[in-house]
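Asker: predicted model, plus sequence, below.
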Amino acid sequence: DAGITQSPRHKVTETGTPVTLRCHQTENHRYMYWYRQDPGHGLRLIHYSYGVKDTDKGEVSDGYSVSRSKTEDFLLTLESATSSQTSVYFCAISESGAYYEQYFGPGTRLTVT
Amino acid sequence: AQSVTQLDSQVPVFEEAPVELRCNYSSSVSVYLFWYVQYPNQGLQLLLKYLSGSTLVKGINGFEAEFNKSQTSFHLRKPSVHISDTAEYFCAVSRLFGNEKLTFGTGTRLTIIP
């Protein structure tokens, strides 16, 4: 299995609070991605990174920010959580873009009350 | 931009019967195509992918898919399913150039009936 961990695995938070999710990889892959998974929507890309300090938006980036200060870590921050951000969040890594296989982490279940 | 349509949200199939999960895509440029599988309470893993060459692609666990450019389809098939195939299956597409991102379909939940 690819070495990808996500923390925390479960989190319950209140509306309006900031939340940071962490993705950590041990594969030294260049690309890292954050997705959210919701019933009826499949997986939707939030943000991705193509190198340290290089990030770009996905299709559902509003309300989210990311940072990548080291190859191995990719952080997703919800500045002020809303109930619509209740979801399962997956991190994925890839050697070099979507041409290569994306390896997924185990997911983080976030509930915003 | 590209998009993916998975026509069936749920597919129940009897054990040892064949199955086909349908996927159609839309893109103005050439694409790569993928099928990923998600077992309960897990992340996704790659089943198979079409990059170029033969339009019939074989993947893990006995699955295969056929790329049909004229019908813009990439249907997934298995001749005989097992209980262990119970999972959600996602079709995905990326552009041939500028292919940093995958666009996923909404998924098909495959339920195997004993």
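Answerer: All right, it came through fine.
Asker: who in chain A is up against chain B?
Answerer: For chain A, the residues in contact with chain B (C-beta under 8 Å from any C-beta of the partner chain) are A:4, A:31, A:33, A:35, A:40-45, A:48, A:50, A:56, A:58, A:90, A:92, A:97-99, A:101-107. Every C-beta, even on glycine, is put in place using the N, C-alpha and C of the backbone.
Asker: can you select the buried ones from the residues you listed in PyMOL?
Answerer: Filtering the residues of chain A next to chain B down to the buried ones (16 or more other C-beta atoms under 10 Å in any protein chain shown) takes a single PyMOL command:
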select buried, chain A and resi 4+31+33+35+42+43+44+45+48+50+58+90+92+97+98+101+102+103+104+105+107
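Asker: take the residues of chain A next to chain B and keep only those in strands.
Answerer: Using DSSP state E, the subset of the residues of chain A next to chain B located in strands is A:4, A:31, A:33, A:35, A:42-45, A:48, A:50, A:56, A:90, A:92, A:103-104.
Asker: tell me the two of the residues you listed that are most distant?
Answerer: Comparing every pair within these by C-beta to C-beta identifies A:Gly42 and A:Tyr50 as the most remote, at 22.7 Å.
Asker: for chain A, what are the nearby residues on chain B?
Answerer: Applying C-beta under 8 Å from any C-beta, we find that chain B lies next to chain A at B:6, B:9, B:32, B:34, B:36, B:42-46, B:49, B:51, B:90, B:94, B:99-107.
Asker: buried ones among the residues you listed?
Answerer: B:6, B:32, B:34, B:36, B:43-46, B:49, B:90, B:94, B:99-107.
Asker: center of the chain - which residue?
Answerer: Answering for chain A, as no chain was given. The structure's chain A has its C-alpha centroid closest to A:Trp34; by C-alpha atoms, centre = their mean the separation is 2.8 Å.
Asker: look at chain B instead
Answerer: For chain B, the residue nearest the mean C-alpha position is B:Trp35 (3.5 Å; C-alpha atoms, centre = their mean).
Asker: any weak-confidence spans in the chain?
Answerer: You didn't pick a chain, so chain A it is. A:1-2, A:97-98 (pLDDT under 70).
Asker: could you do chain B instead?
Answerer: B:98-99.
Asker: of all the ones in strands among the residues of chain A next to chain B, which comes closest to chain B?
Answerer: Set against chain B, the nearest of those by C-beta to the nearest C-beta is A:Phe104 (3.3 Å).
Asker: for that closest one, list each beta-bridge partner.
Answerer: A:Ala92 (DSSP bridges).
Asker: then B:Ile112?
Answerer: For B:Ile112, the beta-bridge partners are B:Val13 (DSSP bridges).
Asker: I figured it was touching B:Ala87, is that so?
Answerer: No. The criterion here is C-beta atoms under 8 Å, and B:Ile112 misses it with B:Ala87 at 9.4 Å.
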